[in-house]
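Engineer: Attaching a predicted model along with its sequence, questions to come.
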Amino acid sequence: MTDAFLATLKANESTRIQTAISNAAANYGGRCQAVAYHSDRGFYVDLKWKDQNWAAGLNELHIERNQDIAVEGWYGGDGRIGMNNNNANGNFFMGSTWLAIPKEDPRLQCGTTHISYANMYTKRIQFDKPFVEQPKVAVFFRSLKLKQGQTGDMPGGAWRASIRCRNVDRGGFDISLSTNRQDTEADIDWIAHLTADPTIKSGDFHCVLTNCTSPFEYPCDFSDGPMPKSPDIVIRGWSEISVKSGDDLKCKHDQKDVSEKGFNWVMEDFVGNSTETLGGNWVAMMA
(Lines give C-alpha, C1' and ligand atoms only; values in the text may rest on other atoms or scores of the structure.)
Protein backbone atom coordinates (compact mmCIF):
# COMPACT_ATOMS: atom_id res chain seq x y z
CA MET A 1 0.00 0.00 0.00
CA THR A 2 1.39 3.40 -0.97
CA ASP A 3 1.38 6.71 0.84
CA ALA A 4 -0.92 8.08 -1.85
CA PHE A 5 -3.69 5.89 -0.51
CA LEU A 6 -2.89 5.47 3.16
CA ALA A 7 -1.67 8.16 5.53
CA THR A 8 -1.15 7.27 9.18
CA LEU A 9 -1.48 10.49 11.09
CA LYS A 10 -0.53 11.17 14.69
CA ALA A 11 -2.17 13.84 16.79
CA ASN A 12 1.10 15.29 18.10
CA GLU A 13 2.68 15.76 14.67
CA SER A 14 0.75 18.67 13.15
CA THR A 15 3.22 19.25 10.30
CA ARG A 16 3.03 15.62 9.25
CA ILE A 17 -0.75 15.71 9.46
CA GLN A 18 -1.04 18.69 7.13
CA THR A 19 1.53 17.24 4.71
CA ALA A 20 -0.24 13.88 4.58
CA ILE A 21 -3.63 15.53 4.07
CA SER A 22 -2.25 17.72 1.27
CA ASN A 23 -0.61 14.74 -0.43
CA ALA A 24 -3.76 12.65 -0.15
CA ALA A 25 -5.94 15.45 -1.53
CA ALA A 26 -3.50 16.13 -4.37
CA ASN A 27 -3.45 12.46 -5.36
CA TYR A 28 -7.22 12.17 -5.42
CA GLY A 29 -8.31 11.53 -8.98
CA GLY A 30 -11.86 10.21 -8.81
CA ARG A 31 -10.76 6.80 -7.54
CA CYS A 32 -11.38 5.05 -4.26
CA GLN A 33 -9.15 6.46 -1.55
CA ALA A 34 -8.45 5.37 2.03
CA VAL A 35 -6.97 7.08 5.05
CA ALA A 36 -6.23 5.84 8.58
CA TYR A 37 -5.96 7.99 11.68
CA HIS A 38 -5.45 7.34 15.37
CA SER A 39 -5.46 9.83 18.21
CA ASP A 40 -5.57 10.21 21.97
CA ARG A 41 -8.50 12.66 21.76
CA GLY A 42 -11.40 13.67 19.57
CA PHE A 43 -10.37 15.20 16.25
CA TYR A 44 -11.39 16.01 12.72
CA VAL A 45 -9.46 16.57 9.50
CA ASP A 46 -10.63 18.05 6.21
CA LEU A 47 -9.66 15.85 3.27
CA LYS A 48 -11.73 17.93 0.83
CA TRP A 49 -13.00 14.74 -0.82
CA LYS A 50 -16.55 15.96 -1.41
CA ASP A 51 -19.55 14.19 -2.93
CA GLN A 52 -18.27 10.73 -2.04
CA ASN A 53 -19.83 7.69 -0.47
CA TRP A 54 -18.02 6.80 2.75
CA ALA A 55 -17.44 3.75 4.92
CA ALA A 56 -15.34 3.46 8.07
CA GLY A 57 -14.24 0.81 10.56
CA LEU A 58 -12.70 1.01 14.03
CA ASN A 59 -9.16 -0.38 14.13
CA GLU A 60 -7.93 0.62 17.59
CA LEU A 61 -9.50 0.71 21.05
CA HIS A 62 -7.22 1.57 23.93
CA ILE A 63 -9.24 2.34 27.07
CA GLU A 64 -7.70 3.12 30.43
CA ARG A 65 -8.78 2.04 33.92
CA ASN A 66 -11.38 -0.49 32.75
CA GLN A 67 -13.72 2.26 31.56
CA ASP A 68 -16.72 1.75 29.32
CA ILE A 69 -16.28 2.04 25.55
CA ALA A 70 -17.93 5.05 23.89
CA VAL A 71 -16.10 5.98 20.69
CA GLU A 72 -17.24 6.83 17.19
CA GLY A 73 -15.79 7.56 13.79
CA TRP A 74 -17.69 9.92 11.52
CA TYR A 75 -17.64 11.53 8.10
CA GLY A 76 -19.47 14.42 6.47
CA GLY A 77 -20.54 15.26 2.96
CA ASP A 78 -18.18 18.24 3.04
CA GLY A 79 -15.10 16.00 3.02
CA ARG A 80 -14.38 16.10 6.75
CA ILE A 81 -13.75 12.96 8.81
CA GLY A 82 -13.11 12.55 12.52
CA MET A 83 -13.56 10.67 15.76
CA ASN A 84 -15.27 11.44 19.06
CA ASN A 85 -14.56 10.00 22.48
CA ASN A 86 -17.81 10.17 24.43
CA ASN A 87 -16.35 8.77 27.65
CA ALA A 88 -14.75 11.62 29.59
CA ASN A 89 -13.28 9.28 32.20
CA GLY A 90 -10.48 7.90 30.10
CA ASN A 91 -9.23 6.92 26.67
CA PHE A 92 -5.62 6.51 25.61
CA PHE A 93 -6.05 5.98 21.89
CA MET A 94 -8.74 5.30 19.34
CA GLY A 95 -8.35 4.70 15.65
CA SER A 96 -10.32 4.15 12.47
CA THR A 97 -9.88 3.66 8.74
CA TRP A 98 -12.06 5.50 6.23
CA LEU A 99 -12.80 4.64 2.61
CA ALA A 100 -14.05 7.23 0.11
CA ILE A 101 -15.92 5.73 -2.85
CA PRO A 102 -16.87 7.73 -5.96
CA LYS A 103 -20.64 7.65 -6.30
CA GLU A 104 -20.33 6.54 -9.92
CA ASP A 105 -18.16 3.49 -9.10
CA PRO A 106 -20.30 0.58 -10.38
CA ARG A 107 -18.41 -2.12 -8.51
CA LEU A 108 -19.78 -1.64 -5.03
CA GLN A 109 -22.35 -0.11 -2.71
CA CYS A 110 -21.93 1.00 0.89
CA GLY A 111 -24.09 2.24 3.73
CA THR A 112 -24.49 2.63 7.46
CA THR A 113 -27.07 1.55 10.01
CA HIS A 114 -27.62 1.94 13.74
CA ILE A 115 -28.33 -1.16 15.76
CA SER A 116 -28.79 -1.84 19.46
CA TYR A 117 -29.74 -4.70 21.73
CA ALA A 118 -32.69 -2.73 23.09
CA ASN A 119 -34.61 -1.78 19.96
CA MET A 120 -33.36 -3.79 16.98
CA TYR A 121 -31.47 -7.00 17.64
CA THR A 122 -31.60 -8.08 13.97
CA LYS A 123 -32.51 -6.01 10.92
CA ARG A 124 -32.73 -6.32 7.15
CA ILE A 125 -30.62 -4.02 4.97
CA GLN A 126 -31.81 -3.32 1.43
CA PHE A 127 -29.36 -2.24 -1.27
CA ASP A 128 -30.10 1.02 -3.09
CA LYS A 129 -30.35 -1.04 -6.26
CA PRO A 130 -30.16 -4.82 -6.67
CA PHE A 131 -26.89 -6.36 -7.79
CA VAL A 132 -26.96 -8.20 -11.12
CA GLU A 133 -25.08 -11.12 -9.53
CA GLN A 134 -24.49 -12.49 -6.04
CA PRO A 135 -22.59 -9.93 -3.90
CA LYS A 136 -20.39 -10.26 -0.83
CA VAL A 137 -20.74 -7.97 2.18
CA ALA A 138 -18.21 -6.78 4.78
CA VAL A 139 -19.40 -5.14 8.02
CA PHE A 140 -17.50 -3.00 10.54
CA PHE A 141 -18.09 -1.23 13.84
CA ARG A 142 -17.85 2.50 13.06
CA SER A 143 -19.03 3.49 16.52
CA LEU A 144 -19.43 1.41 19.65
CA LYS A 145 -21.05 2.19 22.97
CA LEU A 146 -20.39 -0.74 25.26
CA LYS A 147 -20.41 -0.81 29.03
CA GLN A 148 -18.16 -3.28 30.74
CA GLY A 149 -20.11 -6.30 31.95
CA GLN A 150 -19.53 -7.72 35.41
CA THR A 151 -19.91 -11.47 35.91
CA GLY A 152 -18.92 -13.83 38.67
CA ASP A 153 -16.32 -15.70 36.63
CA MET A 154 -14.84 -12.46 35.26
CA PRO A 155 -13.98 -10.31 38.29
CA GLY A 156 -12.09 -7.81 36.13
CA GLY A 157 -15.06 -7.27 33.86
CA ALA A 158 -15.62 -8.02 30.21
CA TRP A 159 -16.34 -6.26 26.93
CA ARG A 160 -18.32 -8.38 24.49
CA ALA A 161 -20.01 -7.37 21.23
CA SER A 162 -20.12 -8.86 17.74
CA ILE A 163 -21.96 -8.23 14.49
CA ARG A 164 -22.81 -10.80 11.84
CA CYS A 165 -23.97 -10.57 8.23
CA ARG A 166 -26.28 -13.35 6.98
CA ASN A 167 -28.74 -14.20 4.20
CA VAL A 168 -26.97 -12.14 1.55
CA ASP A 169 -28.76 -11.98 -1.80
CA ARG A 170 -28.85 -9.57 -4.71
CA GLY A 171 -31.33 -7.32 -2.90
CA GLY A 172 -29.81 -7.04 0.57
CA PHE A 173 -28.76 -8.88 3.73
CA ASP A 174 -29.54 -9.41 7.41
CA ILE A 175 -27.34 -7.93 10.11
CA SER A 176 -27.43 -8.92 13.77
CA LEU A 177 -25.81 -7.80 17.01
CA SER A 178 -24.73 -10.11 19.81
CA THR A 179 -23.65 -8.70 23.17
CA ASN A 180 -23.66 -9.39 26.89
CA ARG A 181 -25.03 -5.91 27.66
CA GLN A 182 -28.59 -4.75 26.97
CA ASP A 183 -27.45 -1.10 26.69
CA THR A 184 -25.03 -1.76 23.82
CA GLU A 185 -25.36 0.47 20.75
CA ALA A 186 -23.37 0.55 17.52
CA ASP A 187 -23.20 2.26 14.16
CA ILE A 188 -22.30 -0.34 11.57
CA ASP A 189 -20.89 0.45 8.15
CA TRP A 190 -21.09 -2.06 5.32
CA ILE A 191 -19.49 -2.49 1.90
CA ALA A 192 -21.06 -4.77 -0.72
CA HIS A 193 -19.42 -5.79 -3.99
CA LEU A 194 -19.83 -8.30 -6.79
CA THR A 195 -18.27 -11.64 -5.89
CA ALA A 196 -17.01 -12.18 -9.43
CA ASP A 197 -15.14 -8.86 -9.69
CA PRO A 198 -11.39 -9.67 -9.62
CA THR A 199 -10.45 -6.12 -8.51
CA ILE A 200 -12.18 -6.44 -5.12
CA LYS A 201 -11.79 -9.13 -2.47
CA SER A 202 -13.30 -9.31 1.00
CA GLY A 203 -13.47 -11.64 3.95
CA ASP A 204 -13.52 -11.97 7.70
CA PHE A 205 -11.64 -13.70 10.47
CA HIS A 206 -12.45 -15.04 13.91
CA CYS A 207 -9.48 -15.77 16.12
CA VAL A 208 -9.13 -17.00 19.70
CA LEU A 209 -6.14 -15.26 21.27
CA THR A 210 -6.18 -16.50 24.87
CA ASN A 211 -2.60 -16.71 26.15
CA CYS A 212 -1.15 -15.89 22.72
CA THR A 213 1.95 -13.78 22.33
CA SER A 214 1.15 -10.24 21.21
CA PRO A 215 1.35 -9.09 18.43
CA PHE A 216 -0.32 -11.99 16.63
CA GLU A 217 -0.41 -12.41 12.85
CA TYR A 218 -3.40 -13.96 11.09
CA PRO A 219 -3.18 -14.80 7.36
CA CYS A 220 -5.95 -13.42 5.15
CA ASP A 221 -5.61 -15.20 1.81
CA PHE A 222 -7.59 -14.46 -1.32
CA SER A 223 -9.00 -17.98 -1.33
CA ASP A 224 -10.98 -17.57 -4.56
CA GLY A 225 -7.87 -16.65 -6.54
CA PRO A 226 -5.26 -13.88 -6.68
CA MET A 227 -5.92 -10.32 -7.78
CA PRO A 228 -4.40 -9.02 -11.04
CA LYS A 229 -1.89 -7.09 -8.90
CA SER A 230 -1.38 -6.11 -5.28
CA PRO A 231 -4.36 -4.14 -3.97
CA ASP A 232 -4.01 -0.38 -3.63
CA ILE A 233 -6.29 -0.30 -0.59
CA VAL A 234 -6.98 -2.61 2.34
CA ILE A 235 -9.65 -1.39 4.74
CA ARG A 236 -10.13 -3.32 7.97
CA GLY A 237 -12.46 -2.95 10.92
CA TRP A 238 -13.44 -4.77 14.08
CA SER A 239 -16.64 -6.81 13.97
CA GLU A 240 -16.11 -8.87 17.13
CA ILE A 241 -14.59 -8.04 20.52
CA SER A 242 -14.62 -10.46 23.43
CA VAL A 243 -12.16 -9.44 26.14
CA LYS A 244 -11.90 -10.00 29.86
CA SER A 245 -9.36 -7.94 31.70
CA GLY A 246 -8.05 -7.00 35.10
CA ASP A 247 -6.28 -4.00 33.61
CA ASP A 248 -6.79 -1.68 30.65
CA LEU A 249 -8.36 -2.66 27.34
CA LYS A 250 -6.20 -2.54 24.25
CA CYS A 251 -7.00 -4.10 20.91
CA LYS A 252 -5.32 -2.79 17.79
CA HIS A 253 -4.80 -4.13 14.29
CA ASP A 254 -2.78 -3.39 11.19
CA GLN A 255 -1.70 -5.26 8.06
CA LYS A 256 1.61 -6.31 6.53
CA ASP A 257 2.97 -8.29 3.58
CA VAL A 258 0.20 -7.16 1.22
CA SER A 259 0.38 -8.89 -2.17
CA GLU A 260 -1.89 -10.06 -4.98
CA LYS A 261 -2.41 -13.30 -2.99
CA GLY A 262 -3.45 -11.78 0.35
CA PHE A 263 -1.99 -10.16 3.45
CA ASN A 264 -1.32 -10.74 7.13
CA TRP A 265 -3.65 -9.16 9.69
CA VAL A 266 -1.57 -8.12 12.72
CA MET A 267 -3.40 -7.90 16.05
CA GLU A 268 -2.12 -6.53 19.33
CA ASP A 269 -3.42 -6.51 22.89
CA PHE A 270 -2.00 -5.80 26.32
CA VAL A 271 0.31 -8.36 27.88
CA GLY A 272 -1.55 -9.83 30.85
CA ASN A 273 -5.02 -9.28 29.42
CA SER A 274 -7.09 -12.33 28.57
CA THR A 275 -8.32 -11.65 25.06
CA GLU A 276 -10.78 -14.42 24.32
CA THR A 277 -11.75 -13.56 20.75
CA LEU A 278 -11.10 -10.81 18.24
CA GLY A 279 -12.71 -10.70 14.83
CA GLY A 280 -12.95 -8.36 11.90
CA ASN A 281 -13.92 -7.84 8.29
CA TRP A 282 -11.69 -6.60 5.49
CA VAL A 283 -11.94 -5.36 1.93
CA ALA A 284 -8.96 -5.31 -0.45
CA MET A 285 -9.33 -3.46 -3.72
CA MET A 286 -7.65 -1.94 -6.71
CA ALA A 287 -8.43 1.77 -6.79
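Structural biologist: Sure thing, it's come through.

Engineer: so who does residue 128 touch?
Structural biologist: Contacts for residue 128 (C-beta atoms under 8 Å, 6 or more residues apart in numbering) come out as 109, 111. (C-beta placed from N, C-alpha, C; glycine too.)

Engineer: Identify the bridge partners of residue 200.
Structural biologist: residue 285 (DSSP bridges).

Engineer: what's around the nearest residue to residue 166 once chain neighbours are set aside, how many residues?
Structural biologist: Spatial nearest neighbour of residue 166, chain neighbours left out: residue 174 (4.8 Å); criterion: C-beta to C-beta, 6 or more residues apart in numbering. Number of residues near residue 174 (other C-beta atoms under 10 Å) recorded here: 15.

Engineer: so which helix or strand takes in residue 174?
Structural biologist: strand 172-179 (DSSP states H and E).

Engineer: From the contact counts, what lies against whatever helix or strand comes next after that strand?
Structural biologist: Proceeding N to C from strand 172-179, the next assigned helix or strand is strand 185-194, under DSSP H and E. Contact here means 3 or more C-beta pairs under 8 Å, 6 or more residues apart in numbering; DSSP states H and E; on that basis strand 185-194 packs against strand 52-63, strand 108-116, strand 135-146, strand 154-169, strand 172-179, strand 200-208, strand 274-285.

Engineer: what angle do strand 185-194 and strand 154-169 make?
Structural biologist: Here the directions of strand 185-194 and strand 154-169 differ by 40 degrees (axes from the mean of the first three to the mean of the last three C-alpha atoms, to 10 degrees).

Engineer: strands paired with strand 185-194, and their directions?
Structural biologist: strand 108-116 (antiparallel), strand 135-146 (antiparallel).

Engineer: Dump the helices and strands packed on strand 185-194 to CSV, plus mean pLDDT.
Structural biologist: Formatted as CSV, the helices and strands packed on strand 185-194 follow (pLDDT from 0 to 100):
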stretch, mean pLDDT
strand 52-63, 82
strand 108-116, 90
strand 135-146, 91
strand 154-169, 78
strand 172-179, 90
strand 200-208, 85
strand 274-285, 81
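
Engineer: which residues does residue 39 form a beta bridge with?
Structural biologist: Going by DSSP bridges, residue 39 forms beta bridges with residue 94.

Engineer: That one: neighbouring residues, count only.
Structural biologist: 21.

Engineer: Repeat that for residue 226.
Structural biologist: The tally of other residues near residue 226 (other C-beta under 10 Å) stands at 14.

Engineer: Secondary structure class of it, three-state.
Structural biologist: For residue 226, the assignment made with DSSP: H, G, I helix; E, B strand; the rest coil gives coil.

Engineer: Surely it is in contact with residue 284?
Structural biologist: No. Judged on C-beta atoms under 8 Å, residue 226 makes no contact with residue 284 at a distance of 10.9 Å.

Engineer: Would you agree the residue nearest to residue 166 is in contact with residue 125?
Structural biologist: Yes. Residue 174 lies in contact with residue 125 (C-beta under 8 Å); the separation is 7.4 Å.

Engineer: about what we covered before: could you say which one of the strands paired with strand 185-194 comes nearest to residue 36?
Structural biologist: Ranking the strands paired with strand 185-194 by proximity to residue 36 (C-beta to C-beta) places strand 135-146 first, at 12.9 Å.

Engineer: any idea of the angle the closest one forms with strand 52-63?
Structural biologist: Using the same axes, to 10 degrees: strand 135-146 against strand 52-63 is 40 degrees.

Engineer: my read: residue 232 touches residue 287, true?
Structural biologist: Yes. With contact defined as C-beta under 8 Å, residue 232 and residue 287 form a contacting pair (4.1 Å).

Engineer: Now do residue 172 against residue 144, distance only.
Structural biologist: 23 Å (C-beta to C-beta, to the nearest Å).
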